[in-house]
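Chemist: With the sequence up front, the predicted model follows.
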Amino acid sequence: MRSSSVVLYYLSADQSRLVPVTRTVQLLPGETLVEALVMELGRKPEHNGLQSPYPDAAQVELLSAHETNGVATVDL
């Protein structure tokens, strides 16, 4: 299994700003970094007071994802 250190952005408690959080993500065999990041954002933030950018009741399904020149495009 591969791992990568990344910066994810979560919502502040009052939802007025994005807060950067450095995290190490584990990539499953055959999984791209973009796919891993989309799923990681759905997990509860490790820091108190931060919120996932996905609504609480949302069930996120990644339909497609790709990266071009450092820009990720995802279809949820």
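Modeler: Structure's in. What do you need?

Chemist: make it CA atoms for all contacts and neighbour counts henceforth
Modeler: OK.

Chemist: tell me which element the residue of the chain most remote from its centre is part of?
Modeler: Relative to the centre of the chain, the most outlying C-alpha is that of residue 14, 19.5 Å out, by CA atoms, centre = their mean. Using DSSP states H and E, residue 14 sits in no helix or strand.

Chemist: hey, where'd the strands end up in this structure?
Modeler: Taking DSSP state E, the strands of the chain run over residues 2-11, 18-27, 64-68, 71-75.

Chemist: what lines up beside the last one in the sheet?
Modeler: Translated: strand 71-75. strand 64-68 (antiparallel) (DSSP bridges).

Chemist: average pLDDT for the partner strand?
Modeler: For strand 64-68, mean pLDDT is 85.

Chemist: Can you give the contact residues for it?
Modeler: Contact with strand 64-68 is made by 34-35, 72-76, as judged by CA atoms under 8 Å, 6 or more residues apart in numbering.

Chemist: just the buried members of those?
Modeler: Buried subset of the contacts of strand 64-68 (neighbour count, 16 or more other CA atoms under 10 Å): 34-35.

Chemist: Can you lay out the contacts of strand 64-68 as JSON lines showing pLDDT and distance to residue 58?
Modeler: Formatted as JSON lines, these follow (pLDDT from 0 to 100; distance: CA to CA, whole Å):
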{"residue": "34", "pLDDT": "86", "distance to residue 58": "19"}
{"residue": "35", "pLDDT": "86", "distance to residue 58": "17"}
{"residue": "72", "pLDDT": "82", "distance to residue 58": "21"}
{"residue": "73", "pLDDT": "85", "distance to residue 58": "19"}
{"residue": "74", "pLDDT": "84", "distance to residue 58": "16"}
{"residue": "75", "pLDDT": "87", "distance to residue 58": "15"}
{"residue": "76", "pLDDT": "83", "distance to residue 58": "11"}
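
Chemist: what sits opposite the nearest residue to residue 72 once chain neighbours are set aside in the beta ladder?
Modeler: In space, and not counting its chain neighbours, residue 72 is closest to residue 66: 5.7 Å by CA to CA, 6 or more residues apart in numbering. Applying DSSP bridges to residue 66 gives these bridge partners: residue 73.
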